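# For reference, the sequence and a predicted model appear below.
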Amino acid sequence: MPKYIGAIDQGTTSTRFIVFDERGTVISMAQKEHRQITPKPGWVEHDPMEILANTSEVVGAALAKANLHAGSLAAAGITNQRETTLLWDRHTGLPLCNALVWMDTRTERLVHRFAADGGQDRFRAKTGLPLATYFSGLKLLWIFENVPGAREKATSGDALFGTMDSWLAWNLTGGTQGGRHMSDVTNASRTMLVNLATCDWDDEMLAHFNIPRNCLPEIVPSSAMHATITGGPLSGVCLSGILGDQQAALVGQACFAPGEAKNTYGTGSFLLMNTGTEPVQSKAGLLTTIAYQFGGGKPHYALEGAIAITGALVQWLRDNLKLIATAGEIEELAASVADNGDVYIVPAFSGLYAPYWKDGARGVIAGLTRYATRAHFARAALEATAYQVRDVVEAMEEDSGIRLAVLKTDGGMVTNELLMQFQADMLGVPVVRPAISETTALGAAYAAGLAVGYWRDINELRANWAVDKIWMPKMDEAQRAKHLKSWKKAVQRSFDWIDD
């Protein structure tokens, strides 16, 4: 049997290809960033053709770096930025417009239109999701209402809808020459068009949003032998794993038992807790989502707290304010001051996600005095991530009735030790960084490998998980309470900046 598993990790800011061995060790990796297109305030787009070209480039580069080829891989998986929405022509393979990124807020008016009759939680019982700009269904409706000819092509079946997993899978497996149009259950559950109980497209939701079924992908398990990749550097490899990025990280962290949770620190941050084979409806502002489905087994569900802006705030300080030259500089700059100087940044650039769900919120910087320096801004930016995660953990404990004992972490920001210590201080529980940090891509690799027998079962995956470092809380309760009180005040100041 070939020695390795490959995973395409198509993220918000870049695309990577990573090759893993049976222990989950990274053998080779290549990465390339793509453009962030922002034509109007609140609008964020990606060029799907650029991402497709980058995918082919990084696959080839990673294989070449380790002197590997397609025959070296037992299978390949895909993990992707969820909710990012596109519509493309079945016959030409060309997108009808740029992809609408998950953090794009142009669907605000659609959210208000549907919430006017029944409120923001109108469809939550069926879909697990509140009405928000975040999800794919309303993004697709916006395309239908604003891109000439889009609805007509979709209705006739000449245009295909998908999130980034669908786009890549269709192109990898033949494209215009018979590519398989599919989306796994985790990505499909983020459209607001899927019934959580049946894990299938819901006729009532399609009717509410006026979405033609002809354009929708086939919903498939996260782990199954889906199709053979045709052409390109992965030609002949079985595509057998597909997972939305946050669910992939849950799998990569081996959170297979109810109550096990992880937080991924990336462009945004996403805390997921496995709740088993029954969906748990949130009463505290969290999302109910599908965690994974392996083969013909029952789907597993999760509670999720989605935070729109965490790592993206560091990028904003770098790119927009020019306070740092590289993202890696922020830790040293933040550590040059003892505290935040009473500066609090609420990065509600795209509104606030969990647990607030305030589309009309916008970012604020509070507590400024002449004392504040760029170092205080740097520290406040890192602390904003920890505060937002604390808000989500409180909501998750309220919904699940389970007190979080430890937080497993992953994602690009976990190398920032100042942030990890402050996170432990804000939560009052240990924060753990795993030995294998590439958990998102690893989850896609695990899903692919399980389908083809590269790994026998989830016990083998559990055995791969190991600790790299643990941060214990050091802050006393009075100081923690003072920080959280100021944070809550700053959050309140961000509400309702945008009028309905």
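Great, that's in hand. Fair warning: this is a prediction, and the values are worked out from it, not measured in the lab.

# ok, now how distant is R113 from T107?
10 Å (C-beta to C-beta, to the nearest Å). C-beta here means a position set from N, CA and C on the backbone, and glycine is covered the same way.

# Over to Y344?
29 Å.

# What are the buried residues along stretch 448-462?
Neighbour counts using 16 or more other C-beta atoms under 10 Å place 448-452, 454-455, 460-461 of stretch 448-462 among the buried residues.

# can you give me the end-to-end distance of it?
In stretch 448-462, first residue to last residue: 16 Å (C-alpha to C-alpha, to the nearest Å).

# try stretch 345-359
First residue to last in stretch 345-359 (C-alpha to C-alpha) measures 17 Å.

# How far off centre is that stretch?
Going by C-alpha atoms, centre = their mean, to the nearest Å, the spacing between the C-alpha centre of stretch 345-359 and its chain's C-alpha centre is 16 Å.

# Show the average pLDDT along it.
The average pLDDT within stretch 345-359 is 88.

# Not counting sequence-adjacent ones, nearest residue to I498?
In space, and not counting its chain neighbours, I498 is closest to G360: 4.1 Å by C-beta to C-beta, 6 or more residues apart in numbering.

# For the one you found, identify the helix or strand it belongs to.
Using DSSP states H and E, G360 falls within no helix or strand.

# circling back to that earlier point, neighbour-wise, which of Y344 and T107 wins?
T107 (26 against 23; other C-beta atoms under 10 Å).

# List the buried residues for stretch 146-162?
Buried residues in stretch 146-162 (16+ other C-beta under 10 Å): 150-151, 153-155, 159-162.

# can you list those in TSV and add secondary structure, pLDDT and distance to P130?
Below are the buried residues of stretch 146-162 laid out as TSV (DSSP: H, G, I helix; E, B strand; the rest coil; pLDDT from 0 to 100; distance: C-beta to C-beta, whole Å):
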residue	secondary structure	pLDDT	distance to P130
A150	helix	96	26
R151	helix	96	25
K153	helix	96	30
A154	helix	96	25
T155	helix	95	28
A159	strand	97	28
L160	strand	98	27
F161	strand	98	21
G162	strand	96	23
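
# Could you pull out the strands in the stretch 351-500 of the chain for me?
Assigned by DSSP state E, counting those that start in this stretch, the stretch 351-500 of the chain shows strands spanning 364-366, 407-410, 431-434, 467-471.

# Need the pLDDT of A312.
89.

# Quick check: the gap between it and S350.
For A312 relative to S350 (C-beta to C-beta), the value is 9 Å.

# same question, N459
Applying C-beta to C-beta to N459 and S350 gives a distance of 40 Å.

# which regions of this structure lie under the pLDDT threshold?
Residue ranges of the chain with pLDDT under 70: 1-2, 500.

# which residue sits farthest out from the middle of it?
R370 (37.7 Å; C-alpha atoms, centre = their mean).

# Report the contact partners of that one.
Residues near R370 by C-beta atoms under 8 Å, 6 or more residues apart in numbering: none.

# State the phi and psi torsions of the closest residue to S14 other than its chain neighbours.
Spatial nearest neighbour of S14, chain neighbours left out: E33 (4.4 Å); criterion: C-beta to C-beta, 6+ apart. The phi and psi values for E33, taken as degrees, to the nearest 10, are phi -80, psi 160.

# Now for E33, how many residues are close by?
E33 - counted by other C-beta under 10 Å - has 10 other residues nearby.

# repeat for Q479
Neighbours of Q479 using other C-beta under 10 Å come to 12.

# Would you quantify the distance from it to E204?
Taken as C-beta to C-beta, the span from Q479 to E204 is 50 Å.

# same deal with A116?
For A116 relative to E204 (C-beta to C-beta), the value is 18 Å.

# Run the chain-centre distance for stretch 399-418.
Its chain's average C-alpha position is 15 Å from that of stretch 399-418, according to C-alpha atoms, centre = their mean.

# got it, and stretch 381-395?
That offset, for stretch 381-395, works out to 17 Å (C-alpha atoms, centre = their mean).

# got the buried residues for it?
Applying 16+ other C-beta under 10 Å to stretch 381-395 flags 381-395 as buried.

# what does stretch 331-340 give?
331, 333-334, 337, 340.

# ok, now how distant is the closest residue to Q421 other than its chain neighbours from I365?
Distance criterion C-beta to C-beta, 6+ apart; nearest residue to Q421, sequence neighbours excluded, is W471 at 5.0 Å. Per C-beta to C-beta, W471 is found 27 Å from I365.

# between those two, who's got more neighbours?
W471 (21 against 16).

# Q388 reaches T310, doesn't it?
Yes. If you go by C-beta atoms under 8 Å, Q388 and T310 touch, sitting 6.7 Å apart.

# Could you pull out the residues contacting both of these two?
Common neighbours of Q388 and T310 (C-beta under 8 Å, 6+ apart) are S269.

# close enough to count as contact, C255 and N274?
Yes. Counting by C-beta under 8 Å, N274 is a contact partner of C255 at 5.0 Å.

# tell me, what's touching these two both at once?
Residues touching both C255 and N274 (C-beta under 8 Å, 6+ apart) are A261.

# which of the two has more neighbours?
Neighbours were counted for C255 and for N274 using other C-beta under 10 Å; C255 has more, 26 against 22.

# Which strand or helix spans the more buried one?
Applying DSSP H and E, one finds C255 in no helix or strand.

# separation between it and K408?
Counting by C-beta to C-beta, the gap from C255 to K408 is 7 Å.

# before we move on, what about Q31?
23 Å.

# for the residue nearest to Q421, what are its contacts?
Contacts of W471 by C-beta under 8 Å, 6+ apart are 417, 420-421, 423-424, 430-432.

# rerun at 6 Å
420-421, 424, 431 (C-beta atoms under 6 Å, 6 or more residues apart in numbering).

# just the buried members of those residues?
420-421, 424, 431.

# Of those residues, just say which sits nearest to G259.
Nearest to G259 out of those is V431 (C-beta to C-beta; 17.2 Å).

# how close does that closest one sit to H69?
Taken as C-beta to C-beta, the span from V431 to H69 is 40 Å.

# what's the answer for A62, then?
11 Å.

# Counting neighbours around each, name which of those two comes out higher.
The neighbour count for A62 versus H69, taken as other C-beta under 10 Å, is higher for A62 (24 against 16).

# what's the helix or strand containing the more buried one in contact with?
Following DSSP H and E, one finds A62 within helix 48-65. Contact with helix 48-65 is made by 15-17, 19, 28-30, 32, 34, 86, 95, 99, 167, 171, 232-234, as judged by C-beta under 6 Å, 6+ apart.

# Can you flag the buried ones in those?
Counted by 16+ other C-beta under 10 Å, the contacts of helix 48-65 give 15-17, 19, 28-30, 32, 34, 86, 95, 99, 167, 171, 233-234 as buried.
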